[in-house]
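**Q** Here you go, sequence then predicted model.
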There are 2 protein chains.
Amino acid sequence: MNKKNITIYDIAKEANVSPTTVSRVLTNNPLVKESTRQKVLAKMKELDFSPNEAARRLTKPQANLIGFILPDITNPFFSQIYMEVEKRAFQKGYTVLLRNSMSISEVESTYLREFTERRAACIVFMGGRINKTKPSEDEIHEMQDVLSKVPIIMINGKMKGVKSANIRTNEEEGIRSIVEHLVSLGHKKIALLGGVKGISSSDNKLSSFKRVLKEYSLEFNEEWQIYSDFSVDAGRKAMKKLLEKEILPSAIIGINDLIIYGAFKECRDQQIPIETFSFVGFDDIYPSDIVHPSLTTVNHNYEVLVNEVMRTIDSIINGKGNGKGKIINTQLIIRESSKES
Amino acid sequence: MNKKNITIYDIAKEANVSPTTVSRVLTNNPLVKESTRQKVLAKMKELDFSPNEAARRLTKPQANLIGFILPDITNPFFSQIYMEVEKRAFQKGYTVLLRNSMSISEVESTYLREFTERRAACIVFMGGRINKTKPSEDEIHEMQDVLSKVPIIMINGKMKGVKSANIRTNEEEGIRSIVEHLVSLGHKKIALLGGVKGISSSDNKLSSFKRVLKEYSLEFNEEWQIYSDFSVDAGRKAMKKLLEKEILPSAIIGINDLIIYGAFKECRDQQIPIETFSFVGFDDIYPSDIVHPSLTTVNHNYEVLVNEVMRTIDSIINGKGNGKGKIINTQLIIRESSKES
DNA sequence: TTGTAGGCGTTATCAA
DNA sequence: TTGATAACGCCTACAA
């Protein structure tokens, strides 16, 4: 493919200037005489020259690179956030490097190492270990090690003893808005489906759920709180278990939207009219406006969230401190799936 | 954050060995005596050393990097493919660099340049210019320039005069399977919604649509072929226009699944029962199994497709030629949205 | 406005 | 089994 790598030396020789001058052209240094610049540019084009990124980088202490670790980009919740960050970073001349961890700790380790070796300007982290209520000692140590070299921004997660910047959505408030909405519709029997014990986003939602129920003197029925996971399939399974109970709730909250999609599926499979229940999800991913019935759910205020992420990245990169924690308020989006009891 | 960058020289000094030996440890060179290796490793840990990726790369002619350009990662069609490629590349020790072009030519140019400068091992390209029936001269030249340095793999696209590897799904066959399915259900009046004139995936589907209709002696009604775009919103608009026609079709094909999601929405908004029509999409993105009614659509055989992409990447990287074109057959997935006429 | 010289942190070559 | 030395390709004082 490539015969021989053309360097600035080749250009210099051909254009009868020094390599320094070629370099100046490359860096848009205004000191170069226009005619010289043109001569050099012409030669670069003629020889099909392309500067070597690695060599360039070697002269800088850090790269204009933002590492982004998340569990799974096919999940709209993550892709919506990632996409927006990439777009804005592009405008600022930053490069974003996406890595899917599948929330597997070893994979996360690999990527953390990679970003460190690439001298990333910062790392944005979602899911996985920062979502564990009890991460392992190793996981904590590793994060601390990385943090001593590369700033980390955690979205919807945190880690004890790790001094990262944290941005999170107010999940407790989100759950409160759901419960209050359902209560206002006359619901008294409410289920909570999905999630995994020990994952903070589940734990937070569950404890908030219990708290708000109590405030409204409503019963928390353990039979109606069913763990499973975070996927559509997990939603089916949870719904299936729920439908086997003697007494059924009138409203069902999903740990996220996907769980409810699964619940819909299960109802249809069992020929149970979906209108039998009121459903509310969490995340407001874009299919929630498309599924039928359209789903009442909690929106993360993606724009505010991403703004905050970018603000934090900026302040980190420009050395204005680490940008401390920030909590983003949620917004309840009411659609067809929740109705009067 | 980082006090001073620790280099192999620092390690060497501290461990009383030469930098060369430290380098050997880094590259797992078996020539190093075990005790020396341990000594060096200990120092590396002690000083919290992390090798500089850029310096490493500088000594190699090319990076173990696969560039991936696609229009929009929030579209499941792309994220499903990307995700799978990333996973497999990871296992082979390759790094994938994702870039969202939004199909904007200037953005594509930026990324093509970036990948060239990073000395990527190859570039996987989807959407944008490779999907234009008539790309501009500049676009073609640029691709040729890049191609002289970095091999390009095009998925579902091609470019005249650009000798890239091409992998594409058999869209013509996919459309055929849809039409034959609808015909077998007794449909005679079939619409085609969405897409943009001049984008090959639209043009291909349209011409195949016309051809197959002819074979079955069915009318192609221009009123029922409505361009718009490729999004959910585009689907609504196209459906709206269709519903204004005097005579309506009994079946509706979408250029992709998203178009049909939009058509569903429009029907609901206008209180028109969705069962009025049979709907068939194209792509089989995962929500198509979740929306209601679940959508009959054409699956790309993602696994076969990705296998082929990986095989091509391998053969390119290992210098076994450029891996020529390959066509992947599609599969019709029949669900609830298509019924007897 | 241009050029010389040294440095960035690794790896590869050749000796020892 | 180890070490000196020279690349790798670019950038940046400093000098001219």
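**A** Thanks, I have the structure now.
**Q** quick one, what contacts A:Ser338?
**A** A:181-182, A:185, A:251, A:278-280, A:296 (C-beta atoms under 8 Å, 6 or more residues apart in numbering or on different chains). Every residue, glycine included, has its C-beta placed from N, CA and C.
**Q** ok, of those residues, which one's closest to DNA strand C?
**A** Checking the contacts of A:Ser338 against DNA strand C by C-beta to the nearest atom of the strand gives A:Val280 as the nearest, at 51.8 Å.
**Q** Return the per-residue confidence for that closest one.
**A** At A:Val280, the pLDDT value in this model is 98.
**Q** partner residues bridging it?
**A** A:Ile253, A:Thr296 (DSSP bridges).
**Q** wait, doesn't it sit right on A:Ser250?
**A** No - A:Val280 lies out of contact with A:Ser250 (C-beta atoms under 8 Å); the separation is 12.0 Å.
**Q** Those two: which has the busier surroundings?
**A** A:Val280 (29 against 18; other C-beta atoms under 10 Å in any protein chain shown).
**Q** Hmm, A:Val179 is touching A:Lys188, no?
**A** No - counting by C-beta under 8 Å, A:Val179 does not reach A:Lys188; the two are 11.0 Å apart.
**Q** picking that back up, make JSON lines from the contacts of A:Ser338 and add distance to B:Gly262 to it.
**A** Converted to JSON lines, the contacts of A:Ser338 look like this (distance: C-beta to C-beta, whole Å):
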{"residue": "A:His181", "distance to B:Gly262": "28"}
{"residue": "A:Leu182", "distance to B:Gly262": "30"}
{"residue": "A:Leu185", "distance to B:Gly262": "29"}
{"residue": "A:Ala251", "distance to B:Gly262": "29"}
{"residue": "A:Ser278", "distance to B:Gly262": "26"}
{"residue": "A:Phe279", "distance to B:Gly262": "23"}
{"residue": "A:Val280", "distance to B:Gly262": "24"}
{"residue": "A:Thr296", "distance to B:Gly262": "21"}
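**Q** which one of those sits closest to A:Asp145?
**A** A:Asp145 has its nearest neighbour among the contacts of A:Ser338 in A:Val280, at 41.0 Å by C-beta to C-beta.
**Q** and A:Val179 and A:Lys188? which has more neighbours close in?
**A** It is A:Val179, of A:Val179 and A:Lys188, that has more neighbours when counted by other C-beta under 10 Å, with 24 against 15.
**Q** Using the three-state scheme, assign that one.
**A** State at A:Val179, reduced to three classes by DSSP: H, G, I helix; E, B strand; the rest coil: helix.
**Q** Tell me who's in contact with it.
**A** Contact partners of A:Val179, counting by C-beta under 8 Å, 6+ apart, are A:190, A:209, A:212-213, A:216, A:253.
**Q** can you confirm A:Lys158 is in a strand?
**A** No - read with three-state DSSP, A:Lys158 is coil and lies in no strand.
**Q** For it, give me its contacts.
**A** Going by C-beta under 8 Å, 6+ apart, A:Lys158 touches A:130, A:164, A:166, A:168, A:200.
**Q** What pLDDT does the model give it?
**A** Note for A:Lys158: predicted pLDDT of 92.
**Q** Mind telling me which residue of the stretch 201-341 of chain A is nearest DNA strand D?
**A** Nearest residue of the stretch 201-341 of chain A to DNA strand D (C-beta to the nearest atom of the strand) works out as A:Ile317 at 16.9 Å.
**Q** And that residue, how far from chain B?
**A** Separation of A:Ile317 from chain B (C-beta to the nearest C-beta, to the nearest Å): 11 Å.
**Q** Can you report how many residues lie near that residue?
**A** Here the count is done by other C-beta under 10 Å, and A:Ile317 has 16 residues near it.
**Q** Could you report the distance from it to DNA strand C?
**A** Separation of A:Ile317 from DNA strand C (C-beta to the nearest atom of the strand, to the nearest Å): 19 Å.
**Q** quick one, what contacts that residue?
**A** The contact partners of A:Ile317, by C-beta under 8 Å, 6+ apart, come to A:121-122.
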